[in-house]
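**Q** Have a look at this fold, sequence not included:
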């Protein structure tokens, strides 16, 4: 029954990256916690930089300042 | 104050399906738990098959294998 | 793969209530959206009234005012 | 390490509104709870009115009735 | 219908702090985004330091190293 | 800014297991997606078996049937 929700800033990962992420995180749940592989569910979400805040600024603002 | 978050794989449900889901889940909260109908909030989210993992594979991989 | 998260104010529902809630919400996902019963996951969470806010006040404050 | 997730109905807030929201909610975490500004993370999500339920109806149905 | 979920490391905030947090975050939603005060819902969750990870370590490990 | 939320059934993992889980999942985010290690946040939550549903039954019911 384990449920993992991964939220991150865009750009959207490639399909191969999402497959790798699902594979590795499922392995971790099985190896480290002994969970049932078939029951591990993972939802991956990507957000626009303007919709994420860190340290009081949006990621978009932070990325502009770093240019 | 009850809050329900429903995450699922696409395709996106129709408007009628979402209305029915909201109606039935609200009824359940009222009948089974005695909650205040007016206060029940529900958020429905649909994900691309490549963004959902189950059993170590993405749903997209699983659907391809099932063809 | 459907995932449902139910958050609510205490008191904690009884085991029978949680069973009924799981049963009914799973039925809704199967009947209304055609989802696979075996894949529907539900997580139920109960919160202290002091940890929930509505309309700018905590539920604890609201309940005190209603006495 | 504080994490804040804000879900709301569309329309999508402007970039300036999201910046202001991030700024103010981070300030609140720092002033009220003494949290470390650099560690406060905020994710903002906007939903279609047909994907949100309140009082047993979708927000879309409610908005139509209010016209 | 806005929903805000605040997750943070313990210790649990006091009731007064949670009231202040609810009040200020609701004000922000009303002032910055024009949302309906009565509809803003907030759920506050506190976690043990051993259940939070940052930069590859648990917050408990980080706090031990900082002593 | 990546945020990972891991929900699972009890019993509560040991501190060492949670450290290992944080370490491995952070490594995955860095190696597979190139994310900044210092910014990866992980929240781990454990639920009572009576508060988790799968296939229309609570995990507690399922575990009883399996005895």
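**A** Thanks, I have the structure now. Since this is a predicted model, take the numbers as computed values, not measurements.

**Q** now the closest residue to chain D within chain A, which residues is it bridged with?
**A** Ranked by C-beta to the nearest C-beta, the top residue of chain A for proximity to chain D is residue A:53, at 3.1 Å. Every C-beta, even on glycine, is put in place using the N, C-alpha and C of the backbone. When bridges are called by DSSP bridges, residue A:53 pairs up with residue A:58, residue D:42.

**Q** That one: neighbouring residues, count only.
**A** Per other C-beta atoms under 10 Å in any protein chain shown, the neighbour tally for residue A:53 reads 27.

**Q** Ranking helices and strands of chain A by mean pLDDT, which lands last?
**A** helix A:59-65 (a mean of 94; mean pLDDT, DSSP states H and E).

**Q** helices or strands up against that one?
**A** strand A:52-54 (3 or more C-beta pairs under 8 Å, 6 or more residues apart in numbering or on different chains; DSSP states H and E).

**Q** outside of the strand it packs on, which residues touch it?
**A** Residues outside strand A:52-54 that contact it (C-beta atoms under 8 Å, 6 or more residues apart in numbering or on different chains) are A:9, A:58-59, A:62, D:4, D:18, D:21-22, D:25-26, D:38, D:40-44, F:1, F:39.

**Q** go on, stretch A:57-64?
**A** With C-beta under 8 Å, 6+ apart, stretch A:57-64 has contacts from A:9, A:48-55, A:65, D:15, D:18-19, D:22-23, F:1.

**Q** For the residues you listed, which single residue is the most surrounded?
**A** That'd be residue D:22 among the contacts of stretch A:57-64, by other C-beta under 10 Å, with 29 neighbours.

**Q** Tell me how far that residue lies from chain E.
**A** Separation of residue D:22 from chain E (C-beta to the nearest C-beta, to the nearest Å): 10 Å.

**Q** ok, now residue A:3?
**A** 15 Å.

**Q** now residue A:50
**A** 14 Å.

**Q** and that residue, what is it in contact with?
**A** A:58, A:59, A:60, D:15, D:18.

**Q** what's the nearest residue to it if we skip its chain neighbours?
**A** residue A:60 (4.4 Å; C-beta to C-beta, 6 or more residues apart in numbering or on different chains).

**Q** nearest to residue F:33, of the contacts of stretch A:57-64?
**A** residue A:9 (10.2 Å; C-beta to C-beta).

**Q** Backbone dihedrals for the closest one, please?
**A** phi -80, psi 150 (degrees, to the nearest 10).

**Q** what does the one 5 residues further on give?
**A** Residue A:14 has phi and psi values of phi -70, psi 170 when expressed as degrees, to the nearest 10.

**Q** what about it, how many residues close to it?
**A** 11.

**Q** Could you check how far it is from residue B:34?
**A** To residue B:34, residue A:14 is 48 Å away according to C-beta to C-beta, to the nearest Å.

**Q** follow-up on the earlier one: can you flag the buried ones in the contacts of strand A:52-54?
**A** Neighbour counting with 16 or more other C-beta atoms under 10 Å in any protein chain shown marks A:9, A:58-59, A:62, D:4, D:18, D:21-22, D:25-26, D:40-44, F:1, F:39 as buried within the contacts of strand A:52-54.

**Q** what about the strands in chain A?
**A** Along chain A, the segments classed as strands by DSSP state E run A:3-9, A:41-47, A:52-54, A:57-58.

**Q** and of those, who's closest to residue F:30?
**A** strand A:3-9 (12.0 Å).

**Q** what packs against that closest one?
**A** Counting by 3+ C-beta pairs under 8 Å, 6+ apart, strand A:3-9 packs on helix A:15-33, strand A:41-47, strand F:3-9, helix F:15-33.

**Q** Can you check the pLDDT for residue A:66?
**A** If you check residue A:66, the pLDDT there is 86.

**Q** give me phi/psi at it?
**A** Dihedral pair for residue A:66: phi -80, psi -10, per degrees, to the nearest 10.

**Q** circling back: dump the helices and strands packed on strand A:3-9 to TSV, plus distance to residue E:30.
**A** Listed next are the helices and strands packed on strand A:3-9 as TSV, based on distance: least, C-beta to C-beta, whole Å:
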stretch	distance to residue E:30
helix A:15-33	38
strand A:41-47	24
strand F:3-9	26
helix F:15-33	36
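
**Q** now the spatially most central residue of chain A: how far from residue E:34?
**A** Nearest to the geometric centre of chain A sits residue A:6, at 3.2 Å (C-alpha atoms, centre = their mean). According to C-beta to C-beta, residue A:6 and residue E:34 sit 31 Å apart.

**Q** Kindly report the same for residue A:40.
**A** For residue A:40, the distance to residue E:34 - C-beta to C-beta - is 41 Å.

**Q** and what of residue A:45?
**A** 26 Å.

**Q** Same check on residue A:1?
**A** With C-beta to C-beta as the criterion, residue A:1 and residue E:34 are 40 Å apart.

**Q** picking that back up, ok, residue A:45 and residue E:34, which is more surrounded?
**A** Using other C-beta under 10 Å, the more surrounded residue of residue A:45 and residue E:34 is residue A:45, with 16 against 9.

**Q** For the more buried one, give me its contacts.
**A** Taking C-beta under 8 Å, 6+ apart, one finds A:5, A:6, A:7, A:8, B:47, B:51 in contact with residue A:45.

**Q** Export those residues as a markdown table, with columns for pLDDT.
**A** Converted to a markdown table, the contacts of residue A:45 look like this (pLDDT from 0 to 100):
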| residue | pLDDT |
| --- | --- |
| A:5 | 98 |
| A:6 | 98 |
| A:7 | 98 |
| A:8 | 98 |
| B:47 | 98 |
| B:51 | 98 |
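
**Q** Between all of the residues you listed, which two are separated the most?
**A** Maximum distance among the contacts of residue A:45 (C-beta to C-beta): 14.0 Å, for A:8 and B:47.

**Q** which of these two has more neighbours?
**A** Per other C-beta under 10 Å, whichever of residue A:8 and residue B:47 has more neighbours is residue A:8, with 23 against 17.

**Q** residue contacts, that one?
**A** With C-beta under 8 Å, 6+ apart, residue A:8 has these contacts: A:44, A:45, A:46, A:47, F:1, F:2, F:3, F:29, F:33, F:35.

**Q** With residue A:35 instead?
**A** Contacts of residue A:35 (C-beta under 8 Å, 6+ apart): A:2, A:29, F:8.
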